[in-house]
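let's see this in three dimensions:
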Amino acid sequence: MIRPAQPIEFGRARITEAWAVYADRLTFGRGQTLALLDDGCTLAKPEWQAIVDGVPKVRVTYDAVDGDDDPKHEGKGYHGTTIGIPSSVNHEGLRGVAYNNQIAIVRSLECCHGSLADSVPLARALQWVIDHHREHKITTVNLAPVDDQAHAVPVPSAIDDKLAELRALGIWVSAPAGNHNYTTGISWPAIQPNCWAIGAVESGEDVVILDRHAKVALLVPAAATSSSNAVACGAAMLLREAIEVSGYRWEGEGKNIVEAMMRIFQITGQAVEDSVTKQTYRRLDLRAALDHVFAPRSPAKS
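Purely as a prediction, here's the structure:
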């Protein structure tokens, strides 16, 4: 029996519907790797020991803090073991959004509740992705840490040049906005340029919750923005595959494929006005985004 990792939330974002409608056209992440940059992972967890159709779920591991290949939790780490579930799990019928993808687990700091001081190991982690993205087919980065502050503007840090390079390479990078109900700012690193900030609406209705600010690019139904960002990463992998399979000409949507994908999510998403900030955001509708890409289009006139 197939069970979505987050049944209510996946239903509202029309993820389960997209699985059904595009079952004969998409592989749902096969051939793509999602890099999880968080505070480590317990690799013995059965979900990360899984082998699906002969392909191991965990493709590669790295510890950017210690410089070795063992990403186990150390110190206060705890979060990275579960952050890949919404995007990537494929175990005993439980499925994340891009359930056939692989993951690269990169320990990037001691605890997901970090600070600007963690920009140094995070920069090393992002550089590792830059150096190895072709080898490991990394198309997407879940930049999971939050600093739990309300930043209204970017904060110069060691990761900024790395984020710019990843955007130029066409690699999606997004981060959670934060979970403190701030209405004047969001967490670092989500506030930084070249990183999509992902917020949340309530699981059962389109009410904006948790941290928000004009920088938030997309909302996803979830109880925490770490989950909403994980879902957004999986959705980005499916949209990328749909663009490739359909031959969709994305150039009119953005100056690179990452910006084009976000633009597609925004124009096909549901408009949601925040009653507190009066800001209007867009909430993920994956089925609509895929329909947009696969829609028949008239040939260009000569």
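
how about low-confidence regions in this protein?
298-302 (pLDDT under 70).

which one's the longest helix in it?
In the chain, taking DSSP state H as the definition, the longest helix is helix 225-246.

packing partners for the helix or strand following it?
Remark: after helix 225-246, the chain's next helix or strand is helix 257-268, criterion DSSP states H and E. If contacts are counted by 3 or more CB pairs under 8 Å, 6 or more residues apart in numbering; DSSP states H and E, helix 257-268 sits against strand 172-176, strand 216-221, helix 225-246, strand 280-283, helix 286-294. Any C-beta I mention is one placed from the backbone N, CA and C, and that applies to glycine too.

returning to that earlier point: list the buried residues for the longest helix of the chain?
225-243, 246 (16 or more other CB atoms under 10 Å).

hmm, back to that, among the helices and strands packed on helix 257-268, which comes closest to P121?
When those are compared by CB to CB, strand 172-176 sits nearest P121, at 15.5 Å.

tell me the helices and strands packed up against the following helix or strand past the closest one.
Once strand 172-176 ends, the next helix or strand along the chain (criterion: DSSP H and E) is strand 196-201. Contacts defined by 3+ CB pairs under 8 Å, 6+ apart place strand 196-201 against strand 172-176, strand 208-209, strand 216-221, helix 225-246.

and the longest helix of the chain with strand 172-176, angle?
When axes from the mean of the first three to the mean of the last three CA atoms, to 10 degrees is applied, the directions of helix 225-246 and strand 172-176 differ by 160 degrees.

surely W250 touches E244?
No. Counting by CB atoms under 8 Å, W250 sits too far from E244 to count as a contact (10.0 Å).

contacts only, for A104.
33-36, 58-62, 129, 132, 136, 138 (CB atoms under 8 Å, 6 or more residues apart in numbering).

farthest pair within these?
Longest span within the contacts of A104, CB to CB: V58 and V129, 15.5 Å.

the two - which one has more neighbours?
With neighbours defined as other CB atoms under 10 Å, V58 and V129 compare such that V129 has more, 27 against 21.

next up, the contacts around the closest residue to the more buried one other than its chain neighbours.
Spatial nearest neighbour of V129, excluding adjacent residues (CB to CB, 6 or more residues apart in numbering): A35 at 5.1 Å. Counting by CB under 8 Å, 6+ apart, A35 touches 103-104, 106, 129, 138, 140-142.

for H136, see how far away A35 is.
For A35, the distance to H136 equals 8 Å [CB to CB, to the nearest Å].

again with G75
27 Å.

in terms of neighbours, single out the busier of those two.
The residue with more neighbours, out of G75 and H136, is H136; 18 against 11, by other CB under 10 Å.

tell me which residue is most central in the chain.
C233 (2.3 Å; CA atoms, centre = their mean).

the helices in the stretch 51-200 of the chain, which residues?
85-88, 119-136, 160-168 (DSSP state H, counting those that start in this stretch).

using CSV, lay out those helices together with distance to D148.
Putting the helices of the stretch 51-200 of the chain into CSV (distance: least, CB to CB, whole Å) gives the following:
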stretch, distance to D148
helix 85-88, 21
helix 119-136, 15
helix 160-168, 20
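
out of those helices, the one nearest L210 is which?
Comparing the helices of the stretch 51-200 of the chain by CB to CB, helix 85-88 comes nearest, at 15.6 Å.

helices and strands around that closest one, which ones?
Using 3+ CB pairs under 8 Å, 6+ apart, helix 85-88 sits against helix 225-246.
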